[in-house]
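Colleague: Need coordinates for the following:
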Amino acid sequence: MNNRFLPLFSLALMAGATPALAAPAASQCPGANFDAFLSAFAENPAVQQANTAVPLVVRSIDSEADPEPQPVTKTLGAGEVRFPVMPDTADRQRESLTFATTRKGGGVMQVKLAQADTSYQVFYTFRPKGSCWSLVEIDNQSL
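Modeller: Okay, here's the model as predicted:
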């Protein structure tokens, strides 16, 4: 699998490796509904940056912890998040990754990015922010 997105967590944690992307000039939501928003979010790192909460909670599993894998939670500031945080359509197709969206309470949306027959699964949690959504957490459960 392409190291660019496996694991996404390691990309997000590369402190200082994030050149700031220019945020879109318009402060409008890039989609009238969540599906349209998600499509725009996945395709454009600038949209990702404009719609990602700071701080961003990033969870993963440390598979090398002793005596057994342990959960790890980090809170990343603006200069620590590396974009893109989500692969675009071409990368998802190339890596056979699929999206599944689940509605949670209070308008919260969770997107599962997975690859069949592997342990690769990453959950993105979006909370409503005004008339749009903001990525508030990445939970990489891949081993």
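Colleague: Give me the neighbour count for the nearest residue to Gly77 once chain neighbours are set aside.
Modeller: Distances taken as CB to CB, 6 or more residues apart in numbering place Pro55 nearest to Gly77, at 5.7 Å, with adjacent residues excluded. (C-beta placed from N, C-alpha, C; glycine too.) Other residues lying near Pro55 total 14 when counted by other CB atoms under 10 Å.
Colleague: OK, contacts around Thr52?
Modeller: Val81, Phe83, Val85, Ser134, Leu135 (CB atoms under 8 Å, 6 or more residues apart in numbering).
Colleague: in the sheet, who's paired with the last one?
Modeller: In this structure, Leu135 has the following beta-bridge partners (DSSP bridges): Thr52, Phe126.
Colleague: Check the gap between it and Arg94 for me.
Modeller: As judged by CB to CB, to the nearest Å, Leu135 and Arg94 stand 23 Å apart.
Colleague: The third one too?
Modeller: Counting by CB to CB, the gap between Val85 and Arg94 amounts to 18 Å.
Colleague: Those two: who's more crowded?
Modeller: A direct count of neighbours by other CB under 10 Å for Val85 and Arg94 places Val85 higher, at 23 against 14.
Colleague: pLDDT wise, what is Phe41 at?
Modeller: If you check Phe41, the pLDDT there is 98.
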